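# Sharing a model prediction with you, sequence too.
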2 protein chains.
Amino acid sequence: MANKATQSAKPDSVSRLVLPGNRAPSQVAFEAAMVDFFASAADLLGVPKSVAAIYGIVFASPGPLSFAEIEARLDISKGSVSQGLRVLREVGALKEVSKDDDRAELFTPDLEMRKLIQRFLENRLQKQLVAGSSRLDSLLKAVPGQNGDAAELRRRLKSLQDWHSKARKLLPLAKTFLKLAPG
Amino acid sequence: MANKATQSAKPDSVSRLVLPGNRAPSQVAFEAAMVDFFASAADLLGVPKSVAAIYGIVFASPGPLSFAEIEARLDISKGSVSQGLRVLREVGALKEVSKDDDRAELFTPDLEMRKLIQRFLENRLQKQLVAGSSRLDSLLKAVPGQNGDAAELRRRLKSLQDWHSKARKLLPLAKTFLKLAPG
DNA sequence: TTTTATGTTCAGTTCATATTGAATTGAATT
DNA sequence: AATTCAATTCAATATGAACTGAACATAAAA
């Protein structure tokens, strides 16, 4: 809990979320760096920091972690852990591995990132692009006036449609490319 | 289609920013729709709504608009208009056309979106990817422990490096693709 | 049944970010 | 030099997404 003013000049970023506990300093440092890494990626993708932190801490652990262990290693609330885990399970970023002698769920990163990336591309980009296209169709029909001004507006909308079309065509290419074998 | 009940139902979102003034209702509706369109795109890219609204209102006007006209058509403050215009000029989304008989600046959308898109790809994506790569290098050297656990962590990091590498290779392809002539 | 362990929910709070607008700047005009 | 007006700045404020934590749910153990 103690989240008081720090006495050292630690980076005031996300790595503050990582609690030392009684683990080896090198392990803690590694965890903090991983959490930071995913936090900055998450920032780009519009994902909450706490979610990134959870993923980072699980990623940094060679063995699967329980809810309680995640809670202990991160300075975020039970509620946030619960909701963050839900999000990460929903998008397939984490998978549960059940240890039969204990009823606590254990989480480990799902390294099949193909699916993760595909999901992102389809859910955010493709959706937005498709919705945008039909909106542009409507707009083109609703151009006000009928003189040269209207012509100019139509020209602009056509230009937007062109870009949308290119982006839509690029998406499948990107998906294919990202699927290629390492090398 | 999956459109809500009424076709003229005003989404109570961003189009509220558009002020009717004394322009033709069809023009106002068109403006509101354009503002909405750019607002949802901006949302994806992490750009403030007011900035998107300004771009939308300028895009929806066949002729260039002055600061005062933009302010009159949108329900946002002078300060937001000023700051939004600055951002849009900086990224090259708007260009100024000077009308010699008046000293007010006039703005019109810069339809050379190539540059805009290139800027976005380079500044946000490429930067993040390059920074990420070097962070991964560091992390690989800082893997704690030396047994099988360390090997597992190295395996995970290698996997991340692979994805980063693919994404970095994809960027130039995307740039080229988006540059192709319409068709 | 009661207790304990584990996880979830959600009403309220926090805090980062967007927005505001009074004060200011500076260029053109008189 | 004083006035006017377009535009900018920035401290103050508003907004809302993310976070918290107490209450609640569920299931195994006692």
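Noted; the coordinates are in hand.
# list the helices and strands the lengthiest helix in chain A packs on?
Identified as the longest helix of chain A according to DSSP state H is helix A:148-179. For helix A:148-179, the packing partners by 3 or more CB pairs under 8 Å, 6 or more residues apart in numbering or on different chains; DSSP states H and E come out as helix A:113-120, helix A:127-141, helix B:113-120, helix B:148-179. All C-beta spots, glycine's among them, are computed from the backbone N, C-alpha and C.
# and the angle from that helix to helix A:113-120?
Angle, helix A:148-179 to helix A:113-120, by axes from the mean of the first three to the mean of the last three CA atoms, to 10 degrees: 170 degrees.
# tell me the SS of A:A33?
Counting by DSSP: H, G, I helix; E, B strand; the rest coil, the backbone at A:A33 sits in helix.
# Pretty sure it sits against B:R135.
Yes: if you go by CB atoms under 8 Å, A:A33 and B:R135 touch, sitting 7.4 Å apart.
# And the pLDDT at A:R23?
Model confidence at A:R23, expressed as pLDDT, equals 89.
# ok, how many other residues are close to it?
By other CB atoms under 10 Å in any protein chain shown, the residues close to A:R23 number 16.
# quick one: it is in a helix?
No: going by three-state DSSP, the assignment for A:R23 is coil, not a helix.
# List the contacts of it.
Going by CB atoms under 8 Å, 6 or more residues apart in numbering or on different chains, A:R23 touches A:R73.
# Can you tell me which helices and strands the host helix or strand of A:F37 packs against?
Assigned by DSSP states H and E, A:F37 belongs to helix A:25-45. Applying 3+ CB pairs under 8 Å, 6+ apart, one finds that helix A:25-45 contacts helix A:49-59, helix B:127-141.
# lowest-pLDDT helix or strand in chain A?
Among the helices and strands of chain A, helix A:113-120 carries the lowest confidence by mean pLDDT, DSSP states H and E, at a mean of 84.
# mind listing what's buried in that helix?
Using 16 or more other CB atoms under 10 Å in any protein chain shown as the test for burial, helix A:113-120 gives A:113, A:116-118.
# between the helices and strands packed on helix A:25-45, which one is nearest to B:K158?
When the helices and strands packed on helix A:25-45 are compared by CB to CB, helix B:127-141 sits nearest B:K158, at 7.7 Å.
# hmm, who's touching the helix holding A:F37?
Here helix A:25-45 has contacts from A:11, A:13-15, A:17-18, A:20-21, A:48-49, A:51-53, A:55-57, A:59-61, A:73-74, A:120, B:124-125, B:128, B:131-132, B:135-136, B:138-139, B:142-145, B:153, using CB under 8 Å, 6+ apart.
# Please repeat the previous calculation with a cut-off of 6 Å.
A:14-15, A:18, A:20, A:49, A:52-53, A:55-57, A:59-60, B:128, B:135, B:139, B:142, B:144 (CB atoms under 6 Å, 6 or more residues apart in numbering or on different chains).
# Same check on stretch A:122-142?
A:157, A:160-161, A:164, A:167-168, A:171, B:30, B:33, B:37, B:44.
# With that, I have no additional questions.
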